[in-house]
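K.L.:
only geometry, no sequence info:
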């Protein structure tokens, strides 16, 4: 995944201040987003998850929209989500930088990448992977798709764990609605209780903060201290 390696290098440069001007960050972020989007499209052709539509009469709170996706292997969903997360982070950077540039040059024509639309698309796809990775599918296939068991099989906990980083990044994005953030928090609470996953609560506490409080949190530090060790063991 060369595009992800390039994204990591760019994000490190931004965090360390090597790339610091809005124009430079916008140029790099747009180019990287194009690169990641291209690789994500290639992955979708190779893996082509099956889309399951939900009966509108039995709509479940476990499903974000009207459908969810099922991958042949949950690691395919995880790899796709890593690229979607990169696009969400890039979209947040573009949103911040374009806002700074508009304030500095209010009369300048905005070329507009529409980062909010990118985040909206990534939100739909990440959230559509939740039922499979969280282990909801047996429940959703039942006649009463609202009644999730209090505990889910520990054999699925690795797949559920892979959702922590995508849902943290997505829930922390300034480009999502309060309603979407609330849905994400509800899923994290469900996962935390169903798998006795303490690390979920750290993510939940952050996402339940106000926007001003969350702005002070470095989510990369949260990832490194609360998510990455378990996540690396899952990936190995």
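P.N.:
Thanks, I have it. Keep in mind that what you see is a predicted model, and the values were worked out from it rather than measured.
K.L.:
hey, let's count contacts and neighbours off CA atoms from now on
P.N.:
OK.
K.L.:
Break down the protein into its strands, ranges please.
P.N.:
Listed in chain order, the strands of the chain (DSSP state E) span residues 50-53, 67-70.
K.L.:
Can you tell me the closest non-neighbouring residue to the spatially most central residue of the chain?
P.N.:
Geometric centre of the chain, nearest residue: residue 166, 3.2 Å, by Cα atoms, centre = their mean. Excluding its sequence neighbours, the residue lying closest to residue 166 (Cα to Cα, 6 or more residues apart in numbering) is residue 85, at 5.8 Å.
K.L.:
wait, that neighbour sits on residue 170?
P.N.:
Yes. At 7.2 Å, residue 85 counts as touching residue 170 under the criterion of Cα atoms under 8 Å.
K.L.:
which of the two has more neighbours?
P.N.:
For residue 85 and residue 170, the more surrounded residue by other Cα atoms under 10 Å is residue 170, and the numbers stand at 26 against 21.
K.L.:
The residue nearest to the centre of the chain contacts residue 82, correct?
P.N.:
Yes. At 7.1 Å, residue 166 and residue 82 qualify as touching, with contact defined as Cα under 8 Å.
K.L.:
buried residues in the longest helix along the chain?
P.N.:
Counting by DSSP state H, the longest helix found in the chain is helix 74-104. Across helix 74-104, burial judged by 16 or more other Cα atoms under 10 Å covers 74, 76-78, 80-98, 101.
K.L.:
now for that helix, which elements pack on it?
P.N.:
Contacting helix 74-104 under the criterion 3 or more Cα pairs under 8 Å, 6 or more residues apart in numbering; DSSP states H and E are the following elements: helix 2-16, helix 22-47, helix 115-134, helix 164-172.
K.L.:
so of the ones you listed, which one's packed in deepest?
P.N.:
helix 164-172 (a mean of 23; mean count of other Cα atoms under 10 Å).
K.L.:
From the chain's centroid, how far away is that helix?
P.N.:
With Cα atoms, centre = their mean, to the nearest Å as the basis, helix 164-172 stands 5 Å off its chain's centre.
K.L.:
go on, stretch 59-75?
P.N.:
For stretch 59-75, the distance to the chain centre is 14 Å (Cα atoms, centre = their mean).
K.L.:
Adding distance to residue 211 and mean neighbour count, write the strands of the chain out as TSV.
P.N.:
Shown next, in TSV, are the strands of the chain (distance: least, Cα to Cα, whole Å; neighbours: other Cα atoms under 10 Å):
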stretch	distance to residue 211	mean neighbour count
strand 50-53	33	12
strand 67-70	29	20
